[in-house]
Every structure is written in C-alpha cells, then in structure tokens.
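1. Sharing a model that was predicted from the sequence below.
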Amino acid sequence: MRILVAMSGGVDSSVVAGLLKSQGHDVIGVTMKLWEGPNGEMPETGCCTAADSEDARKVAAKLDIPYYVLDYTKSFSENVIDNFVDMYSQGLTPNPCVECNRSVKFDHFIDQAKKLNCEKVATGHYAKIVSNDDTFELHKADYLEKDQSYVLHMLTGDILSKIDFPLGTISKPEVRQIAASLGLKTAFKKDSQDICFVGKKDYRNFVSSRIDFSSGGNIVDKNNNVIGTHEGVHQFTVGQRKGIPGGQGQAKYVTKIDVENNKVFIGSKADLTTKKFIIEDVSFVNGEEYENLSIQTRYNSHDIPCKLKKIDDSIFEIELYEPTLGVAPGQFGVIYNDTKLIGGGRISSKILENINE
C-alpha cells in the first residue's frame with residue numbers, strides 16, 4: 001500500500017514512517033510549512049521550524065523514502081492564526097492545535113495523498129482507529145499518558161477510513177526504542193510544548209501586536225466592585241490565577257470575561273464551579289449517542305460523567321454528574337463512551353453564563 005506520512009521532524013512521525021516502511025509499504029514523507037519568518041523562511045523557534053524540517057528530511061533519507069515540503073502558510077494564517085487572535089480578542093481561550101487539525105492539516109493531507117496516489121495518510125498521533133462492521137471508530141490510545149484523541153475529535157468515520165495512527169497501541173518509551181533501533185537521529189529529541197507560531201514568547205504580546213487594544217478596563221469582583229485595572233481582556237483566560245491583584249485575603253481566579261464592557265471578573269475557586277454548560281459547532285464521529293457518556297473540558301483533563309441534551313442541530317447542553325472547575329469558553333468539550341470518542345464542540349460563553357445565573 002502507498003501511504004503518505006505526515007512528518008513533523010519529531011520522533012513520533014519518524015517512527016511511523018520507519019514502521020510502515022519496514023512493513024513493506026510504499027511510504028512518502030511530507031512536511032507542512034505552516035508558519036514562516038519575516039523573509040518567508042521557516043521559523044527558528046517553536047515547532048514546525050527549519051530545524052524540524054531538516055530532521056524530517058534526514059529521517060526520510062535514512063529510510064530511503066521520497067520527501068516533500070508543502071507550503072500551506074496561507075491556509076494556516078487564515079484558519080488558525082487569525083482565529084487565535086480573534087478568540088482572545090473576544091475573551092475566549094483558543095486551542096490552535098484543534099483548529100489546525102480541523103481546518104488545515106487533515107483536509108490538505110488527504111488531498112495531497114490523492115494527488116500522489118496514496119491510499120492512506122498516517123500521522124504520529126497517539127490515538128486508535130477501530131474498524132467495527134465497516135464503521136471506523138476513534139478511540140483513546142492504549143498509552144493514556146500521551147493520548148491525543150481530544151485534538152482529533154472533529155474527524156468523522158469517513159475521514160478515519162483514509163487515515164492510520166500506527167502509534168495507538170505503542171508507548172512513548174517504546175517509540176523511542178524503535179527510533180534508536182532504526183538509527184534515527186530523532187530518537188531522543190524532546191517533544192515541543194510551544195505554540196508553533198508563538199514559540200517561547202508570551203502569547204499576549206503576539207496577540208497585542210496584531211490587534212488594537214486601545215483601552216483597558218477594570219478587574220471587578222462578582223458584585224461589580226472594582227479591584228484593579230487591566231490593559232486588555234486578551235491577557236486573561238477563565239481559571240487564570242496569575243496577574244490577579246493581591247490583597248484579597250485568599251487566592252482569586254478569573255471567573256468571567258466581559259468583552260463588551262472591558263471587565264474581567266474574579267472570584268474564589270468555588271466561583272469557578274460549573275455543572276451545566278453549552279457546546280456549539282458540535283460534530284460527531286459516527287452519529288449522536290446519549291448513553292454512558294463522559295467529557296473532557298481541556299486537553300488531558302480527566303473524564304467527567306455527563307448527560308448530553310440536544311438544543312439545536314449543532315448545539316448541545318452538557319450536564320455534569322459532578323461539578324468541575326474552570327470550564328473555559330473557547331476550549332473544546334470532547335465526549336467519550338469509555339475509550340470511544342463520540343464527538344465534541346466548542347464551549348460557549350454567552351449560553352454558559354445564562355445557564356449558570
């Protein structure tokens with residue numbers, strides 16, 4: 001089988017290419033150029049850097065497979081970077097990795113696979129695809145410490161039929177051992193934790209440089225008493241503790257962001273408690289399910305048992321069996337039945353407020 005492998009320059013995608021080649025598949029390596037420096041070059045910091053591309057090229061050469069770098073900077077800028085800035089300007093908390101998978105990577109990879117006559121696209125994500133009576137399900141990886149199914153929740157069964165996640169049953173230590181046995185230079189390369197287009201810089205400065213926050217506002221308590229001031233709502237996210245004025249007697253957290261009035265509300269940890277909220281723009285892997293459900297409200301957060309109630313075509317109410325802290329509008333709520341991913345959507349702000357009042 002001819003398979004296109006998305007190669008980031010990290011150990012995971014390197015091992016995917018190596019495993020598939022060793023299994024006798026016709027492998028083609030592809031790196032996406034998503035973000036560029038001031039002169040059009042690949043950036044030097046973050047992930048998806050020039051060094052990462054060079055590492056991917058060296059791995060492809062070691063494995064003796066064709067390798068290409070494809071330029072999708074325009075699509076990435078319009079769908080991910082612009083969304084990232086816009087979300088923060090609205091007082092929301094974006095997840096650019098989810099947005100990239102949803103709006104850029106998989107669509108372009110599948111399209112490129114067709115052009116190269118590849119039957120499948122393989123990536124280094126830690127997740128499992130399970131075929132069940134001609135239906136393709138998405139499950140959590142066996143190695144739960146690295147599970148990435150949360151950031152893949154937008155993939156439908158039809159798309160999953162065209163994708164392979166070879167690392168779904170392998171642990172990270174095993175992946176590094178395989179890379180070392182194949183003689184790959186990425187075997188012990190550290191995983192990148194940075195937002196690719198921000199790198200090690202403060203995201204607040206990145207957002208500030210791209211939008212005009214001409215006036216700050218007040219930081220207030222739940223009774224609307226002014227506690228302090230701020231220089232822009234983009235500097236805060238729900239659940240944040242850092243940067244809150246001191247002298248309150250106990251730790252305070254951001255509980256709500258009112259963009260219209262430039263107010264940041266703060267309160268105690270108890271004020272962050274949520275039992276009901278709304279997710280919108282909801283998609284399902286293989287159709288709606290309503291029994292034995294749980295939800296993750298952030299990447300790598302623990303699963304919380306929940307009920308799902310349909311409000312409109314792509315709008316659902318979530319009721320938790322146990323309250324949780326810091327549900328942040330703009331993040332994604334991802335629904336599971338045990339290890340099987342059912343679907344997910346973006347956590348809403350306006351409806352969340354109406355339900356909790």
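-> That came through, no problem.

2. Buried residues, stretch 228-239. List them.
-> Buried residues in stretch 228-239, defined by neighbour count with 16 or more other C-beta atoms under 10 Å: 230, 232-239. C-beta coordinates here come from the backbone N, C-alpha and C atoms, glycine included.

3. Can you lay out those residues as CSV showing distance to residue 325?
-> What follows is those, written out as CSV (distance: C-beta to C-beta, whole Å):
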residue, distance to residue 325
230, 22
232, 25
233, 21
234, 22
235, 21
236, 16
237, 13
238, 10
239, 7
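
4. between those, which is closest to residue 3?
-> Nearest to residue 3, judged by C-beta to C-beta, of those is residue 237 at 38.8 Å.

5. tell me the SS of the closest one?
-> Taken by DSSP: H, G, I helix; E, B strand; the rest coil, the conformation at residue 237 corresponds to coil.

6. so what's the backbone phi/psi at it?
-> Backbone torsions of residue 237, given as degrees, to the nearest 10, read phi -130, psi 150.

7. what do you get for the one 5 residues further on?
-> Dihedral angles of residue 242 (phi, psi; degrees, to the nearest 10) stand at phi -70, psi 140.

8. The residue nearest to residue 9 when sequence neighbours are not counted sits in which helix or strand?
-> In space, and not counting its chain neighbours, residue 9 is closest to residue 52: 3.1 Å by C-beta to C-beta, 6 or more residues apart in numbering. If you go by DSSP states H and E, residue 52 is part of helix 50-63.

9. Quick one: mean pLDDT over that helix.
-> Helix 50-63 shows a mean pLDDT of 90.

10. Tell me which residues are up against stretch 75-84.
-> 32, 34-35, 94, 96, 99-100, 103-104, 108, 197, 207 (C-beta atoms under 8 Å, 6 or more residues apart in numbering).

11. pretty sure residue 329 is in contact with residue 345, am I right?
-> No. Between residue 329 and residue 345 there is no contact under C-beta atoms under 8 Å: 11.9 Å.

12. what does the domain assignment say about this structure?
-> 2-124+165-181, 212-267 (automatic domain parsing).

13. can you pull out the strands in the stretch 1-150 of the chain?
-> Taking DSSP state E, counting those that start in this stretch, the strands of the stretch 1-150 of the chain run over residues 2-6, 26-33, 67-71, 120-122, 127-132, 135-140.

14. Out of those strands, which is the most enclosed?
-> Scoring the strands of the stretch 1-150 of the chain by mean neighbour count under mean count of other C-beta atoms under 10 Å gives strand 2-6 as the most buried, with a mean of 24.

15. Put the alpha carbons of that one into PDB.
-> What follows is strand 2-6, C-alpha atoms only, in PDB (Å, rounded to 0.1, in the frame of the first residue of the first chain):
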ATOM      1  CA  ARG A   2       1.200   3.500  -0.800                       C
ATOM      2  CA  ILE A   3       0.900   5.700   2.300                       C
ATOM      3  CA  LEU A   4       1.600   9.400   2.800                       C
ATOM      4  CA  VAL A   5       3.200  10.000   6.200                       C
ATOM      5  CA  ALA A   6       3.000  13.500   7.800                       C
END
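
16. Spatially, which two of the buried residues of stretch 228-239 are the most separated?
-> 232 and 239 (18.0 Å).

17. Buried residues in stretch 312-330, which are they?
-> By 16+ other C-beta under 10 Å, the buried positions in stretch 312-330 come out as 315-318, 320, 324, 326-330.
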